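[1] show me the folded form of this:
(one chain, ligands or ions: 2)
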Amino acid sequence: MKGTRTIIQVENLTKNYEDLVAVDNISFEVREGEVFGLLGPNGAGKTTTLEIIETLRKPTSGKVIVDGLDIEHDSWKVKSSIGVQLQDSGFYPDLTLVELLKMFAGLYQVEIGDPIEILKKFSLEEKNKSYWQKLSGGQRQRFSLATTLIHNPKIIFLDEPTTGLDPQARVNLWEEIRKIHAEGRTIILTTHYMQEAEELCDRVAIMDQGKIIEIGTPHDLIEELLATGFKRKREVKKATLEDVFLQLTGKHLREE
Ligand SMILES: Nc1ncnc2c1ncn2[C@@H]1O[C@H](COP(=O)(O)OP(=O)(O)OP(=O)(O)O)[C@@H](O)[C@H]1O
Ligand SMILES: [Mg+2]
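    Ligands and ions are numbered 1, 2, ... in the order given. As a prediction, the model looks like this:
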């Protein structure tokens with residue numbers, strides 16, 4: 001259910017790495033049940049923003065509330081209530097998928113029932129005795145998505161879930177993400193792929209050089225662009241989020 005309740009509130013968040021301002025005084029909110037996308041080129045500050053909300057990095061200044069909890073004071077409660085897929089997730093290479101799921105269940109102290117059922121949900125049941133390192137890129141991403149759900153979190157963070165996947169594997173992963181969303185979970189994801197954002201996201205924030213330069217539904221952002229008299233150079237019927245990004249920043253995102 002998509003509601004209007006704010007589930008994540010980010011206020012004046014800044015993160016400096018020595019001299020570098022990686023996240024520059026950004027504010028936004030994520031509503032319960034929506035798929036919210038952080039878009040931007042390499043180095044925009046997406047991972048830093050996400051990992052601060054996930055309580056994995058400390059902000060330099062600003063405030064973040066996750067489901068009513070202040071990350072500064074309640075980081076352990078926040079950790080246990082969210083599901084996180086990191087940009088470069090790795091798993092113990094010499095454990096099978098079933099063993100890995102059991103290990104995660106142990107870490108979270110939850111009962112998961114039959115691990116094969118979890119693998120089935122992500123079309124990985126035939127790989128139950130495989131080691132993580134023997135999986136293809138798409139299978140690894142599906143498996144890591146499965147692990148984010150072990151403790152049944154309300155909010156899921158996905159950092160570039162489809163980067164490096166072939167087009168078919170990407171579309172397959174979109175389906176998995178839609179299923180998770182249909183269960184009523186809130187999803188925050190980052191991506192370089194504008195088409196992915198248009199397909200999956202209810203709202204997006206466009207980031208560049210640590211700042212959020214625009215927030216809205218993909219549809220509204222494209223309409224706003226068209227209202228400025230924008231005409232696409234190439235012979236295509238409609239403008240895309242890629243055009244919005246290019247217009248706002250003067251830069252292309254990574255090639256599709
Ligand atoms: N641990 C760190 N120490 C110092 N600088 C860092 C650190 N992590 C990130 N940065 C810098 O902060 C900026 C933002 O990085 P971040 O990883 O958040 O970007 P991103 O938008 O996720 O990029 P990508 O699309 O490449 O994943 C970059 O200039 C990066 O070099
Ligand atoms: Mg990143």
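[2] which secondary structure element is home to residue 179?
    Assigned by DSSP states H and E, residue 179 belongs to helix 167-182.
[3] chain center to the following helix or strand past that helix, what's the gap?
    Once the chain leaves helix 167-182, the next helix or strand it forms, by DSSP H and E, is strand 186-191. Centroid separation for strand 186-191 versus its chain: 3 Å, with CA atoms, centre = their mean, to the nearest Å.
[4] quick one: strand 186-191 near ligand 2?
    No: legend: contact between strand 186-191 and ligand 2 by CB under 5 Å from the ion is lacking; minimum distance shown is 6.1 Å. In short, each C-beta sits where N, CA and C put it, glycine included.
[5] so how far is the very next helix or strand once past that strand from its chain's centroid?
    Counting by DSSP H and E, the next helix or strand C-terminal to strand 186-191 is helix 194-200. Centroid separation for helix 194-200 versus its chain: 12 Å, with CA atoms, centre = their mean.
[6] next one: stretch 221-230
    26 Å.
[7] ok, back up a step: buried residues, the helix holding residue 179. List them.
    Neighbour counts over helix 167-182 (16 or more other CB atoms under 10 Å) mark 169, 170, 172, 173, 174, 176, 177, 180, 181 as buried.
[8] same check on stretch 141-157?
    For stretch 141-157, burial by neighbour count (16+ other CB under 10 Å) applies to 141-151, 153-157.
[9] do you know how far the residue nearest the centre of the chain is from ligand 1?
    Closest to where the C-alpha atoms of the chain average out (CA atoms, centre = their mean) is residue 189, at 1.7 Å. Using CB to the nearest ligand atom, to the nearest Å, residue 189 is found at 12 Å from ligand 1.
[10] wait, that residue touches residue 161, no?
    Yes: when contacts are counted by CB atoms under 8 Å, residue 189 is listed as touching residue 161 (6.1 Å).
[11] so what sits against both of these two?
    residue 177 (CB atoms under 8 Å, 6 or more residues apart in numbering).
[12] point out where the stretch 1-150 of the chain drops to low pLDDT.
    Residue ranges of the stretch 1-150 of the chain with pLDDT under 70: 1-3.
[13] ok and the residue in it nearest ligand 2?
    Per CB to the ion, residue 47 is where the stretch 1-150 of the chain lies closest to ligand 2, at 3.1 Å.
[14] could you dump the buried residues of helix 167-182 into TSV with distance to residue 224 added?
    Conversion of the buried residues of helix 167-182 to TSV gives the following (distance: CB to CB, whole Å):
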residue	distance to residue 224
169	33
170	27
172	32
173	29
174	25
176	31
177	26
180	30
181	25
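[15] tabulate those (TSV), appending distance to residue 214 and pLDDT.
    TSV is the format used below for these (distance: CB to CB, whole Å; pLDDT from 0 to 100):
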residue	distance to residue 214	pLDDT
169	29	87
170	24	88
172	30	89
173	26	90
174	23	93
176	28	91
177	23	94
180	26	93
181	23	95
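[16] pull the contacting residues for residue 55.
    71, 75, 78, 79.
[17] and the first one, what does it touch?
    Residue 71 makes contact with 52, 53, 55, 64, 65, 78, according to CB under 8 Å, 6+ apart.
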